[in-house]
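Visitor: Quick one, structure for this:
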Amino acid sequence: MMLEISDLVAAIDLVAYVSQYRALEQRRDGCYWGLSPFKEERTPSFNIDPGKQLYYDFATGKGGDALQFAKDYQGVGTAEAVWLLKEYAHITDDSPRPARLEAAKIAKQYRPRQPAKREAQLSPLPEDYMDAMYERVPEKLAPWLAEGIGVDSMERFQVRYDSVSNRLVFPVRGMDGGIINVCGRTLDPDYKAKRIPKYVYMRSIGAMPTIFGFAENERFIREANQLILFEGGKSVMLADTWGIRNTGALLTSHLSEWQARELIRLQIPVVFALDKEIDPREDRRVRRLSRYVTVEAIVDTDNLLQPRMAPVDAGAEIFRQLYEARIRIRM
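Guide: Numbering: from 1, shown residues only. Sure thing, here's the model as predicted:
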């Protein structure tokens, strides 16, 4: 029986699909935001409503479902987009690859190789970049101190102050330790009313090819033979304050393809400690990862967390309870 397009679209998690191309952040309203996949920009204007499984890009006016995104992003027609979604969802119905895609694939093989723009953006920044570009202003650390993050931990992760944008900023390091990006968190208490993005990145590089905190914590991760993965960098810093240093962060709510491959390469057991509403068992990449390494997850079955909380947000004791009750994920 032929698969209906509506059924195909319903089988695609739009957030996971778009996360292949852009880093997305879930905000308090439950929607995901990121930089436009269709043009260069510095302020996130791309939005996904996970309940409706629809996107809208304020920068270009483009919007729709997973099928429309494939058409817009890849610049193809409906037939080609359907084929690409089937390929992504591992749905086979013996339909041949559309001629237009096949021709493009062949042409690409014989095209002179050019450095990809996205790869060019990954060139490391100078090691002294944080101190050269930003300031140490101790009083500006007060909001994070109030959340329990220690001064020593913020210094260890090189948290600085950006007076131009009124943000706390910290470096994002690649797996080899080089600085590949800078993340900024606004200090404006009225950022929602002013429509200021809570988090921004200095560089637009799509789904970042790194695990935040791995470079800083690699020794502790290997000693523990376990990597606890949070969503955000602040959770890594808070855990560091408690002396828990075998941690890292995805910098989004879903495991990227690059991160999945890197975790398989590392062969280190993983514990997913994502925010309350995110169930790692529903992530197909997490399930696939469990075929190659031991994968566990923190799931708040006893409702110890409030909505949208990270597992560390309720304090060290609650986190330890959640960690002790972690479950095993299998394919």
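
Visitor: for the closest residue to D72 other than its chain neighbours, what are its contacts?
Guide: Leaving aside its sequence neighbours, D72 sits nearest to K62 (C-beta to C-beta, 6 or more residues apart in numbering; 5.0 Å). Using the backbone N, CA and C atoms, a C-beta is placed for each residue, glycine as well. Taking C-beta atoms under 8 Å, 6 or more residues apart in numbering, we find K62 in contact with F38, Y55, Y56, Q68, D72.

Visitor: State the three-state secondary structure for the fourth one.
Guide: The local conformation at Q68, judged by DSSP: H, G, I helix; E, B strand; the rest coil, is helix.

Visitor: and the residue nearest to D72, backbone torsions?
Guide: Main-chain dihedrals, K62, degrees, to the nearest 10: phi -80, psi 150.

Visitor: contacting residues for K276?
Guide: Neighbour list for K276: D300, L305, Q306, P307, R308, M309, A310, P311 [criterion: C-beta under 8 Å, 6+ apart].

Visitor: separation between I196 and D188?
Guide: From I196 across to D188, the span is 6 Å (C-beta to C-beta, to the nearest Å).

Visitor: scratch that, I149
Guide: For I149 relative to D188 (C-beta to C-beta), the value is 19 Å.

Visitor: Between these two, which has more neighbouring residues?
Guide: Shown here are I149 and D188; by other C-beta atoms under 10 Å, I149 has more neighbours (23 against 13).

Visitor: just checking, that one touches A239?
Guide: No - I149 lies out of contact with A239 (C-beta atoms under 8 Å); the separation is 9.7 Å.

Visitor: Find the nearest non-adjacent residue to D300, please.
Guide: Spatially, and ignoring its direct neighbours in sequence, D300 is nearest to K276 (5.4 Å; C-beta to C-beta, 6+ apart).

Visitor: The one you found in helix, strand or coil?
Guide: In three-state terms, and counting by three-state DSSP, K276 is coil.

Visitor: List only buried entries from the contacts of K276.
Guide: D300, L305, A310, P311 (16 or more other C-beta atoms under 10 Å).

Visitor: Nearest to A142 among the residues you listed?
Guide: A310 (20.2 Å; C-beta to C-beta).

Visitor: Could you pull up phi and psi at the closest one?
Guide: With angles defined as degrees, to the nearest 10, A310 sits at phi -80, psi 160.

Visitor: Before we move on, what's the pLDDT of it?
Guide: pLDDT for A310: 96.

Visitor: ok, now K117?
Guide: 39.

Visitor: same deal with the one 3 residues further on?
Guide: Among the per-residue scores, A120 holds a pLDDT of 36.

Visitor: Same check on the one 5 residues further on?
Guide: pLDDT, the model's per-residue confidence, is 88 for L125.
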